[in-house]
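>>> Turn this into a structure:
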Amino acid sequence: MIPVIYMSLVEDEEIPAFEKLYIENKNKAYMTAFGILKNESLSEECVSETFLAVANNFQKVHNLKPYEQQKYIVISIRSRAFNILKKEKEHKADVPYDDELYFGGDSYSDIDLSAWKENIRRLNKTDKDILYLVTVQGMGYREAGAALGISYAAAKQRFWAAKNNLRRLLAEGDGNA
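All right, here's what the predicted structure looks like:
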């Protein structure tokens with residue numbers, strides 16, 4: 001079954017053509033991505049991103065000959081897979097090797113996990129979402145912005161505001177102790 005998100009991006013009369021393209025190419029796309037990434041979830045993410053882009057540009061892709069459509073998809077998959085691989089390598093290089101918790105260069109290892117959880121629960125949903133996408137998922141501001149439907153600048157500003165809100169809550173907790 002084709003994910004509904006793709007269908008919302010394709011004109012109604014083009015849905016059968018998109019469905020056919022998706023069914024005929026999803027397995028090859030996955031195998032291509034997996035051959036590069038060697039990771040199931042990253043490969044699935046890569047395929048999803050690629051078909052989302054195909055759905056966004058379906059007018060153009062639909063006008064290609066069938067072998068050109070396959071070529072377009074393979075090139076897109078390979079490009080996205082190598083970008084994901086590059087980001088994964090960069091992200092792994094940035095991960096600290098000690099057990100301290102870091103938040104933007106500040107060490108909060110002396111704060112217990114329950115205090116972190118309680119203060120994170122006190123944040124509003126917007127702050128929680130941006131912090132999760134940037135710090136846990138390792139997304140850049142552009143990717144996080146796209147996920148939240150906001151601009152790069154807004155995502156960057158929202159992240160720093162959320163970080164400062166969490167820092168303030170942590171400091172208040174220290175004062176109350």
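>>> where does this protein dip in pLDDT?
Scanning the chain for pLDDT under 70 picks out the ranges 1-3, 91-112, 174-177.
>>> Just the strands from it, written as ranges.
102-103, 106-107 (DSSP state E).
>>> Grab the longest helix from the chain for me.
The longest helix of the chain (DSSP state H) is helix 66-94.
>>> chain center to it, what's the gap?
Mean-position distance between helix 66-94 and its chain equals 14 Å (C-alpha atoms, centre = their mean, to the nearest Å).
>>> domain assignment for this structure?
Per automatic domain parsing, the domain ranges recorded for the chain read 4-94, 102-176.
>>> burial count for residue 55?
21 (other C-beta atoms under 10 Å). Any C-beta I mention is one placed from the backbone N, CA and C, and that applies to glycine too.
>>> let me redo that: residue 119
19.
>>> With residue 134 as the reference, measure out to it.
Between residue 119 and residue 134 the computed distance is 17 Å (C-beta to C-beta, to the nearest Å).
>>> before we move on, what about residue 63?
Residue 63 is 38 Å from residue 134, by C-beta to C-beta.
>>> between those two, who's got more neighbours?
The residue with more neighbours, out of residue 63 and residue 134, is residue 134; 21 against 9, by other C-beta under 10 Å.
>>> how near is the residue lying closest to residue 32 once chain neighbours are set aside to residue 25?
Spatially, and ignoring its direct neighbours in sequence, residue 32 is nearest to residue 77 (4.8 Å; C-beta to C-beta, 6 or more residues apart in numbering). From residue 77 across to residue 25, the span is 9 Å (C-beta to C-beta).
>>> Thank you kindly, that will do.
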